[in-house]
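**Q** this one's sequence-less:
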Ligand code: SF4
């Protein structure tokens, strides 16, 4: 069974009682990592078809293998930026550099302050340990920049070779946000401002339209149409990208950037609840 099929058996309330932050994360843990579906007290085990679990090597082994691959990638990206001239890179990446502290770039990442050195990374003054964030940030520097965003927005489906990523973006970003903020457009609007989001260009029919700078030159345009129960419409989210975005990140990292944006918005919403 794949995670989306399993997700249908959860109530999609993202209550966290199973130890996972969302029902989708739990669905991945069950179908890919062999976690026990009974960890969710809200699933009716009698309704689950046979073979619902992945019977995989267990989440711990899956997590460990993934972590080792992530750490190897971090080391590789660090070696790629070892010779980068930070002063020149700052201009190309929308980061700050100063002669007083030449070994670091300073930039904003989802409303947080990052100090990126060639060996270590700090976010809001704390060492950044999550390898996935490190991969995104070092990748951004390794790409070296390109044509800066000019306000021409496109969907994931318009980016080259992106067909397989459209579904991933929907699963890990758009559907999660639509589920969480359905009927709560005001809360989403407020939370977007806390990650440096600004109102998007006028002319959109969306209830919330916010441009969120995940990284200085990787803005994501978040469009949210709220539910309309009387007309039978569920809430919907669409994320748009600047048409030059692939000068700054590869597709994989781009989808991850959108996933991190969703993680951050959900985290801030949990904190506000
Ligand atoms: S306990 Fe069940 S309902 Fe709650 S987040 Fe986990 S899967 Fe979703």
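**A** Nice, thanks for sending it over. These figures come from a predicted structure and were not determined experimentally.

**Q** Not counting residues beside it along the chain, what's closest to whichever residue of the stretch 51-200 of the chain sits closest to the ligand?
**A** Residue nearest to the ligand within the stretch 51-200 of the chain (Cβ to the nearest ligand atom): residue 179, separated by 10.6 Å. Placement of C-beta: from N, CA and C, glycine included. Nearest residue to residue 179 in three dimensions, chain neighbours excluded: residue 12, at 5.6 Å (Cβ to Cβ, 6 or more residues apart in numbering).

**Q** gap between the one you found and residue 30?
**A** Distance, residue 12 to residue 30, by Cβ to Cβ, to the nearest Å: 14 Å.

**Q** and what of residue 108?
**A** Distance, residue 108 to residue 30, by Cβ to Cβ: 36 Å.

**Q** Any residues of this structure in contact with the ligand? List them.
**A** 10-11, 13-18, 20, 23, 26, 40, 42 (Cβ under 6 Å from any ligand atom).

**Q** And those, which two are furthest apart?
**A** Using Cβ to Cβ, the pair of the residues of the chain next to the ligand lying farthest apart is 11 and 20, separated by 13.6 Å.

**Q** Looking only at neighbour counts, state which of the two leads.
**A** Taking other Cβ atoms under 10 Å, residue 11 and residue 20 do not tie; residue 20 has more neighbours (19 against 10).

**Q** In which helix or strand does the residue nearest to residue 179 reside?
**A** Per DSSP states H and E: residue 12 is located in neither a helix nor a strand.

**Q** Numbering from 29 from now on, please.
**A** Renumbered: residue one is now 29, and that last one reads residue 40.

**Q** Look up phi and psi at residue 114.
**A** The phi/psi pair for residue 114 (degrees, to the nearest 10) reads phi -60, psi -30.

**Q** so residue 187 makes contact with residue 269?
**A** Yes - the pair residue 187 / residue 269 is scored as a contact, 6.8 Å apart, by Cβ atoms under 8 Å.

**Q** any common contacting residues for those two?
**A** Contact criterion Cβ atoms under 8 Å, 6 or more residues apart in numbering; residues shared by residue 187 and residue 269: residue 282.

**Q** who's more crowded, those two?
**A** More crowded of residue 187 and residue 269, by other Cβ under 10 Å: residue 269, with 26 against 17.

**Q** Show the pLDDT at that one.
**A** Note for residue 269: predicted pLDDT of 97.

**Q** what secondary structure does it sit in?
**A** At residue 269 the chain is in strand, as set by DSSP: H, G, I helix; E, B strand; the rest coil.

**Q** which residues touch it?
**A** 181, 182, 183, 184, 187, 248, 249, 282.

**Q** how near is the residue of the chain most remote from its centre to the ligand?
**A** What lies farthest from the middle of the chain is residue 74; by Cα atoms, centre = their mean that is 33.9 Å. Going from residue 74 to the ligand by Cβ to the nearest ligand atom, to the nearest Å gives 16 Å.

**Q** would that residue count as being in a helix?
**A** Yes - assessed with three-state DSSP, residue 74 lies in a helix.

**Q** how far away is it from residue 48?
**A** For residue 74, the distance to residue 48 - Cβ to Cβ - is 22 Å.

**Q** Same question for residue 270.
**A** For residue 270, the distance to residue 48 - Cβ to Cβ - is 32 Å.

**Q** do residue 132 as well
**A** The value you get for residue 132 to residue 48, if Cβ to Cβ is used, is 35 Å.

**Q** Also residue 167?
**A** 26 Å.

**Q** which outside residues touch stretch 293-301?
**A** Under the criterion Cβ under 8 Å, 6+ apart, residues 42, 49-50, 204-205, 208-209, 215-216, 219-220, 222-223 lie in contact with stretch 293-301.
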